[in-house]
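Engineer: My questions are about this predicted structure, shown below with the sequence.
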Amino acid sequence: MTEGFHPKPRVGFPSALALGVNGLDEVVELELAERMPVAELFQRLCDDNQPGLAIKSVMLLPEGFGKAQLSRADYIITVPDTVDVDAAQLAIKQLKAKDSVSFERKNKTVTVDTSQIPKIEIHGDELRLSLAASQSASLRPGDVLDLIDASDWIEKGSVISRTRVVLQKEFESSDPAIIATALPGQCPSEPTS
């Protein structure tokens, strides 16, 4: 727990999820008061049965591994039926041709390098987008929608889902003392009857 007048559990995310954005493959770091077997922690988290939350895996990181740092986040944004896809494709092509872009955030003009957008493409009824993390201002999906003249997509029913969080430094192991992974049907996101 944190210290002070309002102690809270020590829980951290390498990248906060914006309000209204679905998170389909998120990373959360928990600092425990006492060490416990990874399989027991996995089962406790599953047994908590939070609606809409499915635990995919739990990993015990080695001492000194450090906090998770975001490298990239991947998104899928549904394309509303009423959108002129050809116009959106042209706006994406024009965006890719630029070295930098500027947008407004909190009444300030922010300029970023377009290398923060390693992937942006329309595939069927989805806009697939990857955004690289930056030490300075980082782009958000809403910023990119603004940059391609699609700021009205959300009003038209578009849904933003973050499909993957990629960390700068990943820890990998197959040791069952270090990692517990859900089997099919284990730890479902909705209660079963």
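Structural biologist: Alright, I've got the coordinates. Numbering: from 1, shown residues only.
Engineer: Tell me who's in contact with Ala137.
Structural biologist: 105, 110, 112 (CB atoms under 8 Å, 6 or more residues apart in numbering). Bear in mind the C-beta positions are built from the backbone N, C-alpha and C, glycine included.
Engineer: Kindly supply the PyMOL command isolating those of those residues that are buried.
Structural biologist: To isolate the buried ones among these in PyMOL, judged by 16 or more other CB atoms under 10 Å, type:
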select buried, resi 112
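Engineer: residue farthest from the centroid of the protein?
Structural biologist: Centroid-distance maximum for the chain: Phe5 at 31.0 Å, with CA atoms, centre = their mean.
Engineer: gap between Ala68 and Glu29?
Structural biologist: 6 Å (CB to CB, to the nearest Å).
Engineer: mind listing what Thr163 touches?
Structural biologist: Contacts of Thr163 by CB under 8 Å, 6+ apart are 24-25, 74-76.
Engineer: Ala33: which of the contacts of Ala137 is nearest?
Structural biologist: Arg105 (38.2 Å; CB to CB).
Engineer: In stretch 60-71, which residues are buried?
Structural biologist: Quick answer for stretch 60-71 (16+ other CB under 10 Å): 60, 68, 70.
Engineer: Any chance of TSV for those residues, columns secondary structure?
Structural biologist: Below are the buried residues of stretch 60-71 laid out as TSV (DSSP: H, G, I helix; E, B strand; the rest coil):
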residue	secondary structure
Leu60	coil
Ala68	coil
Leu70	strand
